[in-house]
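Undergrad: take a look and give me a structure for this.
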Amino acid sequence: MHFAVAGNIGAGKTTLTKLLAKHYAWEPQLEDVVDNPYLDDFYNQMERWSFNLQVYFLNSRFRQVLQIRESGKDIIQDRTIYEDAHIFAPNLHAMGLMTNRDFENYRSLFDLMEELVQGPDLLIYLRSSIPNLVKQIHKRGRDYENSISIDYLSRLNERYEAWIHGYEKGKLLIVDVDDLDFVSKPEDLGNIINKIDAEINGLF
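TA: Here you go, the predicted model:
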C-alpha cells in the first residue's frame with residue numbers, strides 16, 4: 001500500500017509521516033531536504049533557481065513513486081509528486097519567478113511522468129492556517145526558511161485548497177492541524193490513527 005502526507009510548508013508532514021511509519025511499521029519515504037543542492041540558492045535568489053529546484057524535486061519524487069510501486073511494501077511518503085506540479089511550480093510561475101518557457105517545459109515533463117505513476121491509496125492532507133504555519137516554521141528554525149514571506153505561504157495555501165477540492169487520485173483524509181499537537185499529545189495522534197484505520201478498512 002502507498003500512503004502519502006500532503007500539506008504546506010510547516011504543516012507537520014515529516015513529523016506525522018515518521019509517527020505513522022512507527023505506529024503501522026510502514027517504511028517512510030522522506031522529502032530530500034538535507035541533501036537538496038538547490039534549496040539555499042533558491043531561497044536567496046528564487047527567480048534564478050526556481051526551475052532547477054522544481055526539476056530536482058520532480059525527479060526525486062518520480063523516482064520515489066516508481067520505487068514504492070516496485071517494492072511491494074507498505075510505504076508512507078512525505079509530500080507527493082502532485083504538489084510540485086499543482087502548487088509550487090504554478091505559484092512560482094504566477095509570481096513571475098519562473099519564465100513561461102521554463103514552466104511549459106516543466107509541465108510537459110510532469111505530464112509525461114504522470115502517465116507512468118499512480119496516486120497513493122490514501123492521501124492525508126494536513127490543513128493549516130497561516131499563523132500556525134509561521135509558528136511551526138519559526139519553531140524548527142531552518143536557516144533557509146527565514147526568508148519565506150506570509151504572502152508566499154498564503155499563495156501556497158490557496159493553491160493547496162484548490163488542488164484538494166478537485167483531488168480525484170484516490171482516497172482522501174483531511175486533517176485540520178491548527179489545534180492538534182500529535183507530538184506531545186498521544187490522544188491527538190490517536191484520533192488521526194483512528195481516522196486512518198477507518199479509511200484503510202475501506203481500502204481492502
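Undergrad: any low-confidence regions in this structure?
TA: 32-34, 141, 143-147, 204 (pLDDT under 70).
Undergrad: now the helix with the most length in it: buried residues?
TA: If you go by DSSP state H, the chain has its longest helix at helix 46-71. For helix 46-71, burial by neighbour count (16 or more other CB atoms under 10 Å) applies to 46, 49-51, 53-58, 60-62, 64-65, 68. Quick note: C-beta positions are derived from backbone N, CA and C, even for glycine.
Undergrad: so which of those is the closest to Ala162?
TA: The closest of those to Ala162 turns out to be Gln54 (CB to CB; 18.5 Å).
Undergrad: that closest one contacts Arg107, doesn't it?
TA: No: applying CB atoms under 8 Å as the test, Gln54 and Arg107 come out as separate, 10.3 Å apart.
Undergrad: overlap of the contact sets of those two?
TA: Ala89 (CB atoms under 8 Å, 6 or more residues apart in numbering).
Undergrad: packing partners of the longest helix of the chain?
TA: Counting contacts by 3 or more CB pairs under 8 Å, 6 or more residues apart in numbering; DSSP states H and E, helix 46-71 packs against strand 2-7, strand 27-29, helix 39-44, strand 75-78, helix 81-83, helix 89-94, helix 100-114.
Undergrad: got a list of contacts for the helix or strand just after the first one?
TA: This means strand 2-7. For strand 2-7, the succeeding helix or strand toward the C-terminus, using DSSP states H and E, is helix 13-24. Residues outside helix 13-24 that contact it (CB under 8 Å, 6+ apart) are 3, 5-7, 26-28, 30-31, 74, 76-79, 124, 126, 182-183, 189, 192-193, 196.
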